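Undergrad: what shape does this take:
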Amino acid sequence: MIERFYLKEFLTFKEADLEFHPGLVVFTGPSGSGKSILMRSILASVGLENVEAQICESSVSWVIDEERFGLQNESINIFRHVKKEKTRYFINNQSTSKSSMESISSTHLRHLSLKDYSDFEASALLNLIDDRIIATNPQHKINLELHRIKFAEFKTFSEKLRLIEEQEKHLAELKEFAAYEINKIDTIKPKIGEDEELNIIKKQLSKKEKIEKAIEQSQGIFLYESHVSSVLGLLDVDSAFFDDAMNELRGIFESSLERLEELEEVSVESVLDRIEQISELKRRYGSVEEALIYRDQKVLELESYERIEHSKADLFKQISLLKSQLEVTANELSNLRHGVLKDTLKTLNSYLGMLYLREATLELEPCILNEAGTDKAILGLSGTKLDKLSSGEFNRLRLALLALGVENMSGDGGVLMLDEIDANLSGEESMSVAKVLRHLSTRYQIFVISHQPQLTSMGQQHFLIYKDNESRVRELNDSERIEEIARIISGEAISDEAIGFARDLFERSRGL
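TA: Purely as a prediction, here's the structure:
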C-alpha cells in the first residue's frame, strides 16, 4: 500500500502531505479544486505519470526485486520524483531511471482507465477461472506450472526444428559453398611464414647473377691467404684471428654458392605465381593464419550440415513426445475449467446484477496448444461488444471481474486507482459500485475520486480537496464527512434534509 504522499509546487498545489490507511480512500471536492491533479501527482511519484511538480514522494510497503533492479529494500521504500533543471527519480535516496521505477510500480499499482482492456483479455479471464480451481484444488497450480515448463521446452525444440528446416531449403547451396571454400584454400595449401620465405627467394633470384659474379671476383683473396699468415708469423702476431675470419668467409661463399646452385632449379615464374596466390589469400582473409582458421570453420560447418538429418530425426521424436504429453495435460486442465465454468459465471452474474448490468456470457473455446493449455476464455455482455459499452458499463463490468478475483485471492492485491468511476450513475447504481469497491478494499488499497454521496459514504478514509488561493487537501473526521456528503447532495446551500440523508448514508455504511 501507499502509506504517505508528499507533493510540493505543482499547478494549483503549493504543498500537500497525506497519510493513507488500507482500504477505500475517497477524494471529494468542488469541480476545479484539484482532485485529478492530486491523483496524477500520486501516480507521478511512483513513475506512472509525467508531471512538472517540484517534488512528488510516496512511501510504500511494496517489496522490490533487489537482484533485478539493484536496489535495497527498506522497511518502508520511498519513491521520489524531483524537478529542478531536469526531472530525476530516486528510490530510497538512490538515483534510478523512470523506466525502472515504472517497472517496479506497475506490479503493485493499477490505474484503471477506459483504455485498459487487460482485464478482458482471454489470458486474464482464463487466470480468473484457474484461480477459482486453485482455491479448492492447489494441485491445479502445480499442474499449470508443469504444463508451462513443458510447453517452453516444446517451443525451444520446435524453434530448433524450424531453423533446421529453414537451413534445409538452402542446404545443398550451403554444402557446395563450404566445400568450394575449403577446396580453394586446400588447392593452394598455404603454410604459415611461407610468404616471407618466398619474398626472400624472389629477392635472391633477382640478384643471383650479381652475387655469382661478385663471389667469383672475390675468390682471389684466398690466393694471398698464405702470404698474410707468413707475414703475421714474422711479426710474431698470432694468426688465429685471421685464419678464423678467412674460414668464416670461405664458409659464407661456399653456402651462398650452394644456395645459388639450388636456385638454378627454381623457376622465377613459379615463385611469382606462388607469391600472387598467397597474396590473394591475404587480401581475402587478412593473413595466412586467418585463411587456415576460416578453412577449419568451413570444415566444421560442412560436418554440421551432414549431421542435420540425424538432428532433425531426434527433434521430431522429442517434439512428438512432448506434444502428446502436453495434449494430455491440456485436456486435464480443460476438464477442470469446464467443471467450474458454470459456477464462475453464476458468481460473476451475481455481481453484475448487483451493479445493475445485464448478464454476461463466459465460454471456453478450443484454441491451438499454448502455455495455458488449449482453452480460450471469451466474455460477452448480452451480445454487446466491449468496445460498444458505455464508460459506466465498461467500468462496472471490470469491477465485477475484479470482485470475482478477490474471492480467490489469498494475499494483498496492491493498489487500485480509479478516476470518477461513479460519474453519471444513478443513486442505486452508485451504491452498487460503492458496495463492490468496499468488497474489493478487503484485498486492495483503492484511491477513487467521487461525485456521488453513496460511494463517498463508503470510504474508509475521506480527503476533501478545496481551493482558496491555492488547492489544499485535508482528511475529514466523521462529522466533517457527513457535512461534505450533504454538500454533494444539495450543493453549497446545505439543507437539514441533506444533512439527515447524509448521516443516514454514513451510519449505514459503518454497519457493513
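
Undergrad: can you show me the helices along the stretch 151-300 of the chain?
TA: 171-188, 194-206, 208-218, 225-234, 240-263, 268-285, 288-354 (DSSP state H, counting those that start in this stretch).

Undergrad: and those, which one averages the lowest pLDDT?
TA: Here the lowest mean pLDDT among the helices of the stretch 151-300 of the chain goes to helix 194-206, at a mean of 73.

Undergrad: what is that helix packed up against?
TA: Counting contacts by 3 or more C-beta pairs under 8 Å, 6 or more residues apart in numbering; DSSP states H and E, helix 194-206 is packed against helix 240-263, helix 268-285. All C-beta atoms are positioned from the backbone trio N, CA, C, and that covers glycine.

Undergrad: chain center to whichever strand or helix holds Lys14: distance?
TA: Under the criterion of DSSP states H and E, Lys14 resides in strand 13-19. Counting by C-alpha atoms, centre = their mean, to the nearest Å, strand 13-19 is centred 35 Å from the centre of its parent chain.

Undergrad: how far away from the center of its chain is the next helix or strand after that strand?
TA: Downstream of strand 13-19, the next assigned helix or strand under DSSP H and E is strand 24-28. Relative to its parent chain, strand 24-28 has a centroid offset of 35 Å by C-alpha atoms, centre = their mean.

Undergrad: what pairs with strand 24-28, parallel or antiparallel?
TA: strand 444-449 (parallel), strand 461-467 (parallel) (DSSP bridges).

Undergrad: buried set for the longest one?
TA: So the one you mean is strand 461-467. Gln461, His462, Phe463, Leu464, Ile465 (16 or more other C-beta atoms under 10 Å).

Undergrad: picking up where we left off before, nearest to Glu407, of the strands paired with strand 24-28?
TA: Closest to Glu407 of these is strand 444-449 (C-beta to C-beta; 13.2 Å).

Undergrad: pull the residues that contact that closest one.
TA: By C-beta atoms under 8 Å, 6 or more residues apart in numbering, the surrounding residues in contact with strand 444-449 are 1-2, 20, 22-28, 35-36, 39, 42, 402, 406, 412-421, 437, 440, 455, 459.

Undergrad: quick check: closest non-adjacent residue to the most centrally placed residue in the chain.
TA: Nearest to the mean C-alpha position of the chain, by C-alpha atoms, centre = their mean, lies Ser103 at 10.1 Å. Nearest residue to Ser103, sequence neighbours excluded (C-beta to C-beta, 6 or more residues apart in numbering): Phe69, at 7.5 Å.

Undergrad: cool, and Val340?
TA: Using C-beta to C-beta, 6+ apart and skipping residues adjacent in sequence, the residue nearest Val340 is Arg132, 5.1 Å away.

Undergrad: roughly how far out does the one helix or strand the one you found maps to sit from the chain middle?
TA: Secondary structure from DSSP H and E places Arg132 in helix 122-136. Centre-to-centre, helix 122-136 and its host chain are 25 Å apart (C-alpha atoms, centre = their mean).

Undergrad: give me the buried positions along it.
TA: Ala122, Leu125, Leu126, Asn127, Leu128, Ile129, Asp130, Asp131, Arg132, Ile133, Ile134.

Undergrad: dump the residues you listed to JSON lines, plus pLDDT.
TA: Output for those, formatted as JSON lines (pLDDT from 0 to 100):
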{"residue": "Ala122", "pLDDT": "92"}
{"residue": "Leu125", "pLDDT": "95"}
{"residue": "Leu126", "pLDDT": "96"}
{"residue": "Asn127", "pLDDT": "94"}
{"residue": "Leu128", "pLDDT": "93"}
{"residue": "Ile129", "pLDDT": "95"}
{"residue": "Asp130", "pLDDT": "95"}
{"residue": "Asp131", "pLDDT": "93"}
{"residue": "Arg132", "pLDDT": "93"}
{"residue": "Ile133", "pLDDT": "95"}
{"residue": "Ile134", "pLDDT": "93"}
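
Undergrad: identify the farthest-apart pair in the residues you listed.
TA: Across the buried residues of helix 122-136 (C-beta to C-beta), the longest gap, 18.4 Å, separates Ala122 and Ile134.
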